[in-house]
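Enquirer: Provide a 3D model corresponding to the input given below.
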Amino acid sequence: MAIQSLTPTAKRIAKTILNGFDAYFADFQNMTLGAKARFEKANWQGIQDAHYHRIELYKNKVEQVCKLVEGVTSKDVSDLKLWQQIKTAYAQLTDGHSNYEIAETFFNSIFCAHFHHHHIHDRNMFVKASRPLDDKPLKDYSIYQSYDVGDNLKDTLLQVMTDFEFSVPWENINRDLDNVIATIREKVPAGANGLWQGLRLDILETVFYRNKGAYLMGRVNLGKGYIPIVLPMLNNEENGIYIDTAILDQDGASIIFSFTRSYFMVDAPIPSRLVRFISSFMPNKEISEIYTAIGFNKHGKTEFYRHILLHMKNSNDQFIIAPGIKGMVMTVFTLPSYDIVFKIIKDKFDYPKQVTEAIVREKYKLVSRSERAGRMADTQEYSNFIFYRNRFCDELLQELQQVAPSKLEITDKLVIIKHVYTERRMIPLNLYLKDASKDQIYDVMDEYGNAIKQLAAANIFTGDMLLKNFGVTRHGRVVFYDYDEICAITECNFRKIPEPRNEVDEMSDRPWYTVGENDIFPEEFRLFFSGNPIARKAFESQHSDLYDYRYWQHIQNSLRNGHIENTYPYRRKLRFNRHRPSTELLNCD
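Expert: Here you go, the predicted model:
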């Protein structure tokens, strides 16, 4: 469509939407820029509040711009031909925009909000990207600093840390650098002379903040490739900041960016360039996941949608019912060649579930805004997700028509699901245990207990702790993914089961005591292991304190007193020993 043929109305609306995006992005950046001060001041509650408000910012700005669009014209804004012109005008306006790809996602949000997620087609909105993400070279915009490693690796690292100055002093930078160097010696191959001369460290100029941690991120340039280097830093609130560990492998870095954690606060004026840099040392991490991890979850959703469309175009396997015990609230299906599950809320819930669809949706919304402590899977919510009918096996199509007919629109060629969640596919814990060795059972039961405890410390009570509601990731971590019964720990009433008053009470198959709506009896958690005595024994040898109501009451008191627990996106055994003596700042190579 030639620019001359665009109507003034289309141009005006396109400008209104782009102005709205620029205003959103500026507010997003301003919220993010406060992360450094919040970390330095140990303002942990402020960090949680900022995380919540930054997520809400997008929705609020979309609602505001939708009203503005209707206010800048007297024309019929439900005319699809007008919106096709608006899209063309918008593409022209964003042609030189630094963040055109996120701006296009913002346009899509305005269109979908206006048309209630109908008419999703590339002629109306940016279903496809207008141009490749990698069409802008990095050379004209610096996002990292390079440090050539000379004769003294410690001097180089000291310069790195000096360049990222905090207003809070270091607890013991000399000791910390010794610890980092010991890890580099273990993980990074030295040169022919046994030294690290000739290596280059490319360190991002911006620090990543999340929860109570700050992360310096970059890559070790080996000449023939890259390995990540991630330095998590904590503020002990008394003696200063310290480096807690050093991550120098792709799996470790990938876990830092896990789908089970809340989003980073990171100053990224041009996010696409930050995403490309991160991809250089984590090539297996999907672009959608990196965008989501740095706070642009709506654009991560767009990138995921495009990726699965491309995958379906280049594959021919069929969607099937997901392996595992069927849920009472959700029906779940997956594509064997793609590590994502699709979850649909059933029209009617199986007995004895008492929740409603509205409550389930609210629980999933709560998860997206919560501190997930690395133990709850992030989800993306879609309306009117379009699939080709021939990609559904008959068994799955029959299942969907039986349990969720109101969510389906089926034609000869298409299956349109009106409301669906996507989530990373994991091995259900109950299935994992069937083929696990004794050592694996012991380890995964430790993970299961840690998941419950870490969520509790983040003020999340999982409710239904059945093994089938937890999954095992490729890194061996146990993650919770069934959210219809979650609630705040502080809302629960943890009690001890009263002693039987007499023999009749003792033999009764029903409680002889009153049970309130929010009453929880931790002694009953043993029932979750019915039929798996080996798993139960492994769990109780490590986490029997979870059966004690006093353990839960202690957590409640801590939360009510404002305590926010540390969460580590790495194994505790990787943490440095902060009490060992350190060497002087000498040549340590």
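Enquirer: where does this protein dip in pLDDT?
Expert: Applying pLDDT under 70 to the chain flags the ranges 1-4, 133-141, 190-197, 505, 579-589.
Enquirer: centroid residue for it?
Expert: With distances taken as CA atoms, centre = their mean, Phe259 lies nearest the centre of the chain, 3.5 Å away.
Enquirer: so who does that one touch?
Expert: Under the criterion of CB atoms under 8 Å, 6 or more residues apart in numbering, the contact list for Phe259 reads Glu289, Thr292, Ala377, Asp378, Arg424. Any C-beta I mention is one placed from the backbone N, CA and C, and that applies to glycine too.
Enquirer: pretty sure the last one sits against Lys343.
Expert: In other words, Arg424. No - with contact defined as CB atoms under 8 Å, Arg424 does not reach Lys343; the gap is 11.4 Å.
Enquirer: so the two - more neighbours on which side?
Expert: Just comparing Arg424 and Lys343: by other CB atoms under 10 Å the higher neighbour count belongs to Lys343, 24 against 19.
Enquirer: helix/strand/coil for the more buried one?
Expert: strand (DSSP: H, G, I helix; E, B strand; the rest coil).
Enquirer: what's near enough to touch it?
Expert: The contact partners of Lys343, by CB under 8 Å, 6+ apart, come to Met330, Thr331, Val332, Thr379, Val420, Tyr421, Thr422, Glu423.
Enquirer: if we use 7 Å, what do you get?
Expert: Counting by CB atoms under 7 Å, 6 or more residues apart in numbering, Lys343 touches Met330, Val332, Val420, Tyr421, Glu423.
Enquirer: re earlier: where strands are concerned, which of the contacts of Phe259 count?
Expert: In strands, defined here by DSSP state E, the members of the contacts of Phe259 are Arg424.
Enquirer: and which of the contacts of Phe259 is nearest to Ser315?
Expert: Nearest to Ser315, judged by CB to CB, of the contacts of Phe259 is Arg424 at 18.2 Å.
Enquirer: so what are the domain limits for this structure?
Expert: Taking automatic domain parsing as the domain assignment, the record places the domains of the chain at 3-115, 144-283, 312-425, 429-567.
Enquirer: what's the closest non-adjacent residue to Ile256?
Expert: Pro569 (4.9 Å; CB to CB, 6 or more residues apart in numbering).
Enquirer: sorry, wrong one. I was asking about Asn179.
Expert: Asn179 sits nearest to Phe576 (CB to CB, 6+ apart), 4.1 Å away.
Enquirer: what's stretch 454-462 in contact with?
Expert: Against stretch 454-462 from outside (CB under 7 Å, 6+ apart): 370-371, 373-376, 452, 480, 486-490, 492, 555, 559, 565, 567.
Enquirer: which among those residues end up buried?
Expert: Buried positions within those, assessed by neighbour count (16 or more other CB atoms under 10 Å), are 370-371, 373-376, 452, 480, 486-487, 489, 492, 555, 559, 565, 567.
Enquirer: remind me which helix or strand the residue nearest to Gln84 when sequence neighbours are not counted belongs to.
Expert: Of all residues not flanking Gln84 in the chain, Arg123 sits nearest, at 5.7 Å (CB to CB, 6+ apart). With elements taken from DSSP states H and E, nothing contains Arg123; it lies in neither a helix nor a strand.
Enquirer: distance of Arg123 from Gln85?
Expert: Counting by CB to CB, to the nearest Å, the gap from Arg123 to Gln85 is 11 Å.
Enquirer: so for those two, which sits in the more crowded spot?
Expert: Between Arg123 and Gln85, counted using other CB under 10 Å, the more crowded position is Gln85 (20 against 12).
Enquirer: what sits up against the strand or helix carrying that one?
Expert: Taking DSSP H and E as the criterion, the element that holds Gln85 is helix 80-93. By CB under 7 Å, 6+ apart, the list of residues contacting helix 80-93 from outside reads 1, 3, 6-7, 9-11, 13-15, 17-18, 75, 107, 111, 119, 123-125, 130.
Enquirer: repeat the analysis, applying 8 Å as the threshold.
Expert: Here helix 80-93 makes contact (CB under 8 Å, 6+ apart) with 1, 3, 5-7, 9-11, 13-15, 17-18, 75-76, 103-104, 107, 111, 119, 123-126, 130.
Enquirer: going through the residues you listed, which ones are buried?
Expert: Of the members of the contacts of helix 80-93, the ones counted as buried by neighbours, 16+ other CB under 10 Å, are 6, 9-11, 13-14, 17-18, 103-104, 107, 111, 124-126.
Enquirer: of those residues, which belong to strands?
Expert: Those of those lying in strands (DSSP E): none at all.
Enquirer: which one of these is nearest to Gly213?
Expert: For the buried ones among the contacts of helix 80-93, the minimum distance to Gly213 (CB to CB) is 30.5 Å, reached by Ala103.
Enquirer: separation between that closest one and Glu517?
Expert: Look at Ala103 and Glu517: by CB to CB, they are 47 Å apart.
Enquirer: before we move on, back to that, what helix or strand does the residue nearest to Asn179 sit in?
Expert: With elements taken from DSSP H and E, nothing contains Phe576; it lies in neither a helix nor a strand.
Enquirer: so who does it touch?
Expert: Taking CB under 8 Å, 6+ apart as the contact definition, Phe576 lies against Asp176, Asn179, Ile243, Asp244, Thr245, Ala246.
Enquirer: now the strand or helix carrying Asp339, how far from the centre of its chain.
Expert: For Asp339, the enclosing helix or strand under DSSP H and E is strand 338-345. For strand 338-345, the separation from the chain centroid amounts to 16 Å (computed by CA atoms, centre = their mean, to the nearest Å).
Enquirer: so the next helix or strand after it versus strand 338-345, what angle?
Expert: Counting by DSSP H and E, the element after strand 338-345 in chain order, helix or strand, is helix 357-369. With axes from the mean of the first three to the mean of the last three CA atoms, to 10 degrees as the basis, helix 357-369 and strand 338-345 are set at 140 degrees to each other.
Enquirer: for helix 357-369, C-alpha coordinates in PDB please.
Expert: Presented in PDB, the C-alpha positions along helix 357-369 are these (Å, rounded to 0.1, in the frame of the first residue of the first chain):
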ATOM      1  CA  GLU A 357     -13.000 -21.000  36.100                       C
ATOM      2  CA  ALA A 358     -12.700 -17.300  37.300                       C
ATOM      3  CA  ILE A 359     -10.700 -18.400  40.300                       C
ATOM      4  CA  VAL A 360      -8.400 -20.600  38.300                       C
ATOM      5  CA  ARG A 361      -7.600 -17.700  35.900                       C
ATOM      6  CA  GLU A 362      -6.900 -15.500  38.900                       C
ATOM      7  CA  LYS A 363      -4.500 -18.100  40.300                       C
ATOM      8  CA  TYR A 364      -2.500 -18.200  37.100                       C
ATOM      9  CA  LYS A 365      -2.400 -14.400  37.000                       C
ATOM     10  CA  LEU A 366      -1.100 -14.500  40.600                       C
ATOM     11  CA  VAL A 367       1.700 -16.800  39.600                       C
ATOM     12  CA  SER A 368       2.900 -14.500  36.800                       C
ATOM     13  CA  ARG A 369       3.200 -11.700  39.300                       C
END
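Enquirer: show me what counts as buried in it.
Expert: Under the neighbour-count criterion of 16+ other CB under 10 Å, helix 357-369 has Glu357, Val360, Lys363, Tyr364, Val367, Ser368 buried.
Enquirer: nearest to Leu57 among these?
Expert: Proximity to Leu57 was ranked across the buried residues of helix 357-369 by CB to CB; first place goes to Ser368, at 13.6 Å.
Enquirer: that closest one contacts Asp378, doesn't it?
Expert: Yes - in this structure, Ser368 sits in contact with Asp378. The criterion is CB under 8 Å, and the distance is 6.8 Å.
Enquirer: common neighbours of these two, please.
Expert: Common contact partners of Ser368 and Asp378 (CB under 8 Å, 6+ apart): Asn297.
Enquirer: now for the longest helix anywhere in the chain, which elements pack on it?
Expert: Taking DSSP state H as the criterion, the chain has its longest helix at helix 44-71. Using 3 or more CB pairs under 8 Å, 6 or more residues apart in numbering; DSSP states H and E as the contact criterion, the secondary-structure elements in contact with helix 44-71 are helix 8-33, helix 35-40, helix 100-115, helix 357-369.
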